[in-house]
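1. how would this look folded up:
(chains A and B)
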Amino acid sequence: MDRRCSRAIAARQRKVTRRWDRAFQAIIGVGLSLCVSTAVEAQANVRISGYGNMHYMDHDGVARLVGIQDLNNGFFQIREFSLFFDIAITDAVVASTEIEAGDNGTAYSANYAYVDFQATANLSLRAGKILVPFLSYNENKPNFKQNLMSQPFTAWNLAPVNGIAIDYRGFGWSDAGLVANWNNELGDWGLFDVKFAIINGLGSNSDVLDENSVQLDAGMMTPVVRPRDGLIQNETANSLRDNNNDKATVLKVTLHPLALLSDIGFSWYRGKWNPSGTRNLTMLGVHVNVLQPNWTLKSEYVVAQVEQAAGIDPVANAGLMGPAALNTSTGDYGMHAWFVEASVIPVRGTNDRYLRLVGRFDDVDTNDQIGFTPFDRSRVTVGAEFQFATNTRLRLEWQRSVIDDFQNAPAPYIGAGGEEAIKMVMASVIFSF
Amino acid sequence: MRMSSRTFSYRVCAAEMVRIPMIKRLTTILAAFVASSGLTAPALTARQVDVYILYASSDRDAKNELVGALPEGMSTKSYNSNLLALADYSGKQRALSKLERASVVVILSEATLDHLSGRLADAIVLLVNTIGTELTSDRQTIHVLDSGTDVGALGGNMTAINASGEADLADRTRVEAANIIFVNVGTLTTYRTLSLIIQRLLGRQP
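-> Here you go, the predicted model:
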């Protein structure tokens, strides 16, 4: 940066800083003066809660990528530190948001930010950035509500992540739109709950849905490949704007039989994903949760169908070098993922202390037409959780993935250190308040 | 192609300058959010609901009885806590926010607390036949218990009162008391007793 630019920036910084500081101070002053006079009342109506976690994570067998942290090197990470704010504007209108500091506090996002209106005793309407009501895990993602830190493939690759799966980032699925939630009591049998959402939806700014690419680091060979790591939100996801004129619709129907302490749900999604709004993406999912005080059983299954033109190589079209056989679009394709997770608490102590043992099996295939993708795999996860103080836990996890059709893996993938079996260990501290 | 020095400087400057107001803008939005809490506080604190009844599906009949026992003109709302099993993870906080809008929150059984925990700042919490402490009030938590209930688990700053009858019960209900346990409330079956306590807490004489 040259000196002229530095001076210009410094002057501009001072001017902007003064202006915004004045505005900031004025607003704070007015706010505080009013807050002081009604401090007790304000406290009573703005609820603050939250959760956080820090973990140490180490992988073995992950392919090295150019420009992306090598996951085979262990690292500490504050994955999430979130604050929930809930403001009851009236007894029927509540504004809610979750502000999350992720990735060691370097990435901030509002996982949801909406206003909820209780129209009748059984009907509520919600508008804003909402948690997409698809399957169960996505609506209950925070790790203090789950038994494992690692996300199941149904949420990581299909439900889907808002980020890039191969970069091991996952934030859950939120989108801008509207939700209507209706429920009814079915006598002594249980509850019936329906959520219907209209959202901007998933998409891509190109004619290939999962067009994102990475560069394998195999020494002399550094080809650009499409990992086909599942559904991601469109490239304008930072502002969650739609990429076409078609709004996606989501339906989730759940039964809650009281005798079984369980919920069984069906989820459906449809939307056009390409810029011209001509290609369909549909998803169907089912989930079952049985949540007993001393044991839990959770399961999800989801399939997706993608309409897509064949023969498009977005890597070559971008002027980059990579194997056409891997990168060229397959035409219409299907995806699936599922998991079964069980946990048991064999020991409980005083002061909310307990030990929980957890096991999960999950499986995913992000494209049933391609010869190889590292996201056609199955995985076993076992873990133990020790709650050593109220709402404060230590978790240990061990995980082993096995990639299907590894015999079709290209030489650069193996050259970059990619192995048929990927192992991971993780130790976490989790708290909520 | 190499960019000219002027073009390069312009682009770097533009990028740097954009960041500054963005950060300040976000800060100001946050400040406005904080300030708006104060601005709207007087309106927020006007209690719109006298009684919020929190019940589990298994308590539905009890809820209906209590609603029937409350006098006309008392603003009443109810919420089935089993719905929280189907809500997303924002549901619990949202439910607590709504409860905070009421003057008195009635918990009808232990089962009601299976899905909800927390502390309310200003609403009085009245727990019926429940010694669970998952939901309490900073202002006042009252347990209404049948005689013979082991209250050892409650501990803390509790005052046990044995009410001998409805008139005695009403007389001994005090808004300013910290935590009160009513024991031997044999008339609970009609829910008139609860209605009397609630009216007393709301400052309305039966």
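
2. ok, whatever residue of the stretch 151-300 of chain A ends up closest to chain B - how many residues close by?
-> Here the stretch 151-300 of chain A gets closest to chain B at one residue, A:Asp193, 4.3 Å apart by Cβ to the nearest Cβ. To be clear about C-beta, it is placed using only N, CA and C from the backbone, and glycine gets the same treatment. Neighbour count for A:Asp193, taken as other Cβ atoms under 10 Å in any protein chain shown: 23.

3. which SSE is it in?
-> strand A:190-199 (DSSP states H and E).

4. just checking, what packs against that strand?
-> strand A:174-186, strand A:248-257 (3 or more Cβ pairs under 8 Å, 6 or more residues apart in numbering or on different chains; DSSP states H and E).

5. now the ones you listed as TSV including distance to B:Tyr89, mean neighbour count and mean pLDDT?
-> Formatted as TSV, these follow (distance: least, Cβ to Cβ, whole Å; neighbours: other Cβ atoms under 10 Å in any protein chain shown; pLDDT from 0 to 100):
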stretch	distance to B:Tyr89	mean neighbour count	mean pLDDT
strand A:174-186	12	19	94
strand A:248-257	15	19	96
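
6. and the residue of the stretch 301-433 of chain A found nearest chain B, what are its phi and psi?
-> Using Cβ to the nearest Cβ, A:Asn391 is the residue of the stretch 301-433 of chain A that sits closest to chain B, at 9.6 Å. With angles defined as degrees, to the nearest 10, A:Asn391 sits at phi 60, psi 30.

7. what does B:Leu196 give?
-> Dihedral angles (degrees, to the nearest 10) for B:Leu196: phi -60, psi -40.

8. element containing the residue most central in space within chain A?
-> The centre of chain A sits closest to A:Gly172, judged by Cα atoms, centre = their mean, with a distance of 1.9 Å. Assigned by DSSP H and E, A:Gly172 belongs to no helix or strand.

9. Not counting sequence-adjacent ones, nearest residue to it?
-> Once flanking residues are discounted, A:Gly172 sits nearest to A:Lys141: 4.4 Å by Cβ to Cβ, 6 or more residues apart in numbering or on different chains.

10. pretty sure that neighbour contacts A:Ala155?
-> Yes. Between A:Lys141 and A:Ala155 there is a contact under Cβ atoms under 8 Å: 6.8 Å.

11. Common neighbours of these two, please.
-> Residues touching both A:Lys141 and A:Ala155 (Cβ atoms under 8 Å, 6 or more residues apart in numbering or on different chains): A:Gly172.

12. So between the two, which is more surrounded?
-> Neighbour count, other Cβ under 10 Å: between A:Lys141 and A:Ala155, A:Ala155 has more, with 26 against 22.

13. Give me the nearest residue to the more buried one, chain neighbours excluded.
-> A:Tyr137 (4.5 Å).

14. Assumed A:Ile264 was part of a strand.
-> Yes. Counting by DSSP: H, G, I helix; E, B strand; the rest coil, A:Ile264 falls inside a strand.

15. Look up how far A:Thr278 lies from the residue of the stretch 151-300 of chain A closest to chain B.
-> Noted for A:Asp193: a distance of 34 Å to A:Thr278, by Cβ to Cβ, to the nearest Å.

16. circling back to that earlier point, would you turn the helices and strands packed on strand A:190-199 into JSON lines with distance to A:Gly230?
-> Converted to JSON lines, the helices and strands packed on strand A:190-199 look like this (distance: least, Cβ to Cβ, whole Å):
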{"stretch": "strand A:174-186", "distance to A:Gly230": "16"}
{"stretch": "strand A:248-257", "distance to A:Gly230": "17"}
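
17. leaving aside the residues next to it on the chain, what's closest to A:Tyr413?
-> A:Tyr413 sits nearest to A:Ala63 (Cβ to Cβ, 6+ apart), 5.5 Å away.

18. ok, that neighbour - contacts?
-> A:216-217, A:374, A:413, A:416-418.

19. Which pLDDT does the model give it?
-> Predicted confidence (pLDDT) for A:Ala63: 94.

20. do B:Arg119 as well
-> Note on B:Arg119: pLDDT of 89.

21. Help me confirm that it is found in a strand?
-> Yes. Applying three-state DSSP, one finds B:Arg119 inside a strand.

22. from memory it sits against B:Glu134, does it?
-> No. Contact criterion Cβ under 8 Å: B:Arg119 and B:Glu134 do not qualify, at 9.7 Å.

23. what ranges do the helices span in chain B?
-> With DSSP state H as the criterion, chain B has helices at B:5-45, B:60-69, B:91-99, B:166-172, B:192-201.

24. these two touch, right, A:Thr381 and A:Arg395?
-> No. A:Thr381 lies out of contact with A:Arg395 (Cβ under 8 Å); the separation is 11.3 Å.

25. intersection of neighbour lists for these two?
-> By Cβ under 8 Å, 6+ apart, the residues touching both A:Thr381 and A:Arg395 are A:Leu148.

26. if we can go back for a sec, A:Asn140 is in contact with the residue nearest to the centre of chain A, correct?
-> No. Applying Cβ under 8 Å as the test, A:Gly172 and A:Asn140 come out as separate, 9.6 Å apart.

27. Would you mind listing what in the stretch 201-350 of chain A touches chain B?
-> With the criterion set to Cβ under 8 Å from any Cβ of the partner chain, the stretch 201-350 of chain A comes near chain B through A:254, A:256, A:258, A:263, A:291.

28. From B:Ala111, how far off is the third one?
-> For A:Leu258, the distance to B:Ala111 (Cβ to Cβ) stands at 9 Å.

29. How about the contacts made by A:Leu158?
-> A:230-231, A:283, A:302, A:304, A:335-337, A:364, A:366.
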